[in-house]
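Visitor: Compute the structure for the input listed below.
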Amino acid sequence: MSSVALLGAGSWGTALSCTLSYLPPSQLPSSIRLWGRDSAQMSSIAHSRENQRYLPGLSLSANILVTSDLDEALQGVDEIFFVIPAQQMASFISDLRLPSSVSTLIGCAKGIEIEGGRFVSELFASRFPSLPYAVLSGPSFSSDVAHRQPVAVTLACEDFSLARALCAKFSHDRFRLYASSDVRGVEIGGACKNVLALACGIVEGRGLGLSARAALITRALSEIGRFSLANGAEEETLSGLSGWGDALLTCTSKQSRNYAFGYALGAGASVSDLLSRSGTVEGVWTARALQVRLANAKRSLRQGLEAESPMVSEIDLQRDLPILFCIASILEGRMTVDEALAHLFARPLVPERR
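Guide: You can find the predicted model right below:
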């Protein structure tokens, strides 16, 4: 059986290592390695068999090797799960040297790089062009996965046969994987739903009502679909687990960091104060990264450069993605919540399909 490594020992990396350890004997990897850069934290986890910081009270299986030694984690592995925050991924993989045994790279970060507006798949294609890349995304709170609650997510790879093989390899009676070939669509759903979760938190924290939240989710998903298609994604992906499914989970629960951040913002907290005491809140960075990606596409068009998805340059953020525009404006201090609400309701009336 193959060996797997999970790089990143936060709540999601730890939960994934747990769910892999629950695989039946016929599927169980010969080795599961959980790596984190903090040697003191990893030593503590290895000794107590518990990630007290992120998943307290959960005992890690004995067959999970916990280490801060990257060479030890990667030695002889076949598949690598990258559970590093999207904003740290480029720097992390820039100097990463992989053993020849590696067959597949699996991205588990939900976000878009803010510096260059690049999707995580683009970062991997640039750094490791010869290795297959898959992305794992969908409605999955870490605690649910770690505690063997029923969870279903999407695994996408351009090589659909490989996606199906990976789904068969890593699924079990409490963790079900659905195969897709739409890497870009799955990435966009996972990234943009974080911005939507921020927006829903703001609505709830402001006391604007459940009707407003329902309308917001519906219209924002329409915007995300517009952005997805412009980036070459498939329309039906948004209605799947990595789109609607993930949005339904993170837009309705304070267990979502993005929703909780938005709730506090709607209740009157400042962005700067929240950022100073919050962990990773990908929706904040994704809101900015969306603007960067659109700006880069328009710049490429002006300079006569070939764009990967020419339709992106035709999108106007304020006109075509008004909810995402307002959330970005709130986060960057250009609008208050009340001003954003007034802006959305003052827009020209358009057909619902627009």
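Visitor: How about D159, nearest residue that isn't a chain neighbour?
Guide: Among residues not flanking D159 along the chain, P132 sits closest, at 5.8 Å (Cβ to Cβ, 6 or more residues apart in numbering). C-betas here are computed from N, CA, C, even on glycine.
Visitor: correction: Q149
Guide: Leaving aside its chain neighbours, Q149 sits nearest to R174 (6.8 Å; criterion: Cβ to Cβ, 6+ apart).
Visitor: A230 too?
Guide: Nearest residue to A230, sequence neighbours excluded (Cβ to Cβ, 6+ apart): M311, at 4.0 Å.
Visitor: Let me know the pLDDT of the residue nearest to Q149.
Guide: Per-residue confidence (pLDDT) for R174: 98.
Visitor: Measure how far the lengthiest helix in the chain is from the centre of its chain, please.
Guide: Looking across the chain with DSSP state H, the single longest helix is helix 183-205. On the basis of Cα atoms, centre = their mean, to the nearest Å, helix 183-205 is displaced by 9 Å from the centre of the chain it belongs to.
Visitor: Using PDB, list the CA coordinates for the helix or strand just after that helix.
Guide: Next along the chain after helix 183-205, taking DSSP states H and E as the criterion, comes helix 210-230. The C-alpha coordinates for helix 210-230 follow below in PDB (Å, rounded to 0.1, in the frame of the first residue of the first chain):
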ATOM      1  CA  LEU A 210     -33.100  35.400   7.400                       C
ATOM      2  CA  SER A 211     -34.900  36.600   4.300                       C
ATOM      3  CA  ALA A 212     -31.900  38.900   3.500                       C
ATOM      4  CA  ARG A 213     -29.500  36.100   4.100                       C
ATOM      5  CA  ALA A 214     -31.400  33.800   1.700                       C
ATOM      6  CA  ALA A 215     -31.400  36.500  -1.000                       C
ATOM      7  CA  LEU A 216     -27.800  37.200  -0.400                       C
ATOM      8  CA  ILE A 217     -26.700  33.600  -0.800                       C
ATOM      9  CA  THR A 218     -28.700  33.100  -4.000                       C
ATOM     10  CA  ARG A 219     -27.600  36.300  -5.700                       C
ATOM     11  CA  ALA A 220     -23.900  35.800  -4.600                       C
ATOM     12  CA  LEU A 221     -23.900  32.300  -6.000                       C
ATOM     13  CA  SER A 222     -25.100  33.700  -9.300                       C
ATOM     14  CA  GLU A 223     -22.100  36.100  -9.200                       C
ATOM     15  CA  ILE A 224     -19.700  33.200  -8.400                       C
ATOM     16  CA  GLY A 225     -21.100  31.300 -11.300                       C
ATOM     17  CA  ARG A 226     -20.500  34.200 -13.600                       C
ATOM     18  CA  PHE A 227     -16.900  34.500 -12.400                       C
ATOM     19  CA  SER A 228     -16.400  30.700 -12.700                       C
ATOM     20  CA  LEU A 229     -17.600  30.500 -16.300                       C
ATOM     21  CA  ALA A 230     -15.300  33.400 -17.200                       C
END
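Visitor: If you count contacts, what does the helix or strand that comes right after helix 210-230 end up packed against?
Guide: Later in the chain than helix 210-230, the nearest helix or strand by DSSP H and E is helix 246-250. Identification of packing neighbours for helix 246-250 by 3 or more Cβ pairs under 8 Å, 6 or more residues apart in numbering; DSSP states H and E yields helix 183-205.
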